[in-house]
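>>> Need a 3D model of the sequence below.
(one chain, ligands or ions: 1)
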Amino acid sequence: MATKSAPANAPAPDTPKRADDSPLTGSGATGAFAVSDLEVCFERKAIKNLHIGVYPPDGRVRVAAPLALSEEAIRLAVVTRLGWIKRRRAEFAAQPRQGERQVHGGESHYVFGQRLRLRVVEGRGAPTFKKRGAWLEAHLRPGLSEEAARRALSAWGRALLREQLAILIEKWSRILGVEVASWSIKQMKTKWGSCNVRARQIWFNLELWKKPLPCIEYLVVHELIHLLERLHSPRFVALLDRHLPSWRALRDQLNAAPLGHDVWNNAPKG
Ligand SMILES: [Zn+2]
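Model prediction:
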């Protein structure tokens with residue numbers, strides 16, 4: 001069985017559900033085993049090649065394997081890539097996590113890709129945030145917990161993101177001639193976006209408000225094109241090329257961040 005997945009070819013977790021949505025039941029569709037000190041989860045699917053993915057934030061290892069592949073063969077594939085897996089895990093461990101940033105003044109936060117220094121101003125009532133030049137001004141009442149400040153900042157970011165997404169979705173629905181039934185923003189650990197083609201429903205990762213707008217636009221275009229083409233097929237790539245020729249650079253910029261490291265690398269290289 002070919003195990004052609006190069007290290008960079010992790011499975012794209014945003015691949016929409018299969019058209020029939022039938023779960024792979026029957027014994028052995030999924031499982032887990034340990035290799036040295038690693039826990040590895042696998043899932044057998046109707047795919048041709050085995051893919052190994054290492055996922056942020058903590059370097060979880062997941063394998064997607066062809067239906068016919070034995071657990072022993074899957075284990076062997078993992079063992080032969082152990083060096084690469086460990087390097088990826090070490091990279092994740094070394095990366096700063098934006099989600100863990102503190103909110104107490106002096107530190108920096110990214111808003112649409114722009115790095116802002118946080119300045120805390122003593123305030124009353126609910127926390128508010130305002131962008132002022134290179135500063136992010138936070139009005140926080142004294143004694144507000146770190147956790148509450150972080151939640152408030154995240155809620156502020158969500159509102160900013162919602163505003164931009166609404167504009168982009170409206171713009172690109174028109175250009176592509178597709179209709180989105182509903183979209184929402186949620187916390188996701190391994191993907192920037194996902195699309196349920198049948199329900200015409202799209203989800204966006206809450207963390208996106210930290211990313212440059214052109215990257216967010218790429219993601220909107222990517223997910224909307226799924227409404228025309230379910231898979232990351234040559235047709236999908238051709239549509240991206242036609243409508244957003246710079247998409248590869250934007251994708252790479254988006255994936256250069258800690259979250260979603262392994263996402264979308266398997267889109268055909270066109
Ligand atoms: Zn996709």
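>>> in the chain, which helix has the most residues?
Assignment by DSSP state H gives helix 146-176 as the longest helix of the chain.
>>> which other helices and strands contact it?
Under the contact criterion of 3 or more C-beta pairs under 8 Å, 6 or more residues apart in numbering; DSSP states H and E, helix 146-176 touches strand 108-111, strand 128-132, strand 135-140, strand 182-186, strand 201-205, helix 213-225, helix 234-243. All C-beta atoms are positioned from the backbone trio N, CA, C, and that covers glycine.
>>> Kindly calculate the angle that it makes with strand 201-205.
140 degrees (axes from the mean of the first three to the mean of the last three C-alpha atoms, to 10 degrees).
>>> Can you mark which positions in helix 146-176 are buried?
149-150, 152-154, 156-158, 160-161, 164-165, 168-169, 172 (16 or more other C-beta atoms under 10 Å).
>>> can you give me the mean pLDDT across it?
Here helix 146-176 scores 95 as its mean pLDDT.
>>> and the gap between H51 and L69?
H51 sits 11 Å away from L69, going by C-beta to C-beta, to the nearest Å.
>>> So if I had to pick from the two, which one is more boxed in?
H51 (22 against 19; other C-beta atoms under 10 Å).
>>> What's opposite that one in the beta bridge?
Bridge pairing for H51 (DSSP bridges) gives the partners A64.
>>> Can you give me the pLDDT of it?
According to the prediction, H51 has pLDDT 89.
>>> and if you look at F33?
On the pLDDT scale, F33 is placed at 87.
>>> Wasn't it part of a strand?
Yes. Per DSSP: H, G, I helix; E, B strand; the rest coil, F33 lies within a strand segment.
>>> who's in contact with it?
By C-beta atoms under 8 Å, 6 or more residues apart in numbering, the residues touching F33 are 39-40, 42, 71, 74-75.
>>> follow-up on the earlier one: now mean neighbour count too, for the helices and strands packed on helix 146-176, in JSON lines please.
JSON lines is the format used below for those (neighbours: other C-beta atoms under 10 Å):
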{"stretch": "strand 108-111", "mean neighbour count": "18"}
{"stretch": "strand 128-132", "mean neighbour count": "14"}
{"stretch": "strand 135-140", "mean neighbour count": "20"}
{"stretch": "strand 182-186", "mean neighbour count": "14"}
{"stretch": "strand 201-205", "mean neighbour count": "22"}
{"stretch": "helix 213-225", "mean neighbour count": "23"}
{"stretch": "helix 234-243", "mean neighbour count": "15"}
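>>> between these, which one is nearest to R89?
strand 201-205 (21.7 Å; C-beta to C-beta).
>>> which residues are in contact with the closest one?
Contacts of strand 201-205 (C-beta under 8 Å, 6+ apart): 161, 165, 169, 180-188, 191-196, 219, 223-224, 259-260.
>>> Please repeat the previous calculation with a cut-off of 7 Å.
165, 180-186, 188, 191-195, 223 (C-beta atoms under 7 Å, 6 or more residues apart in numbering).
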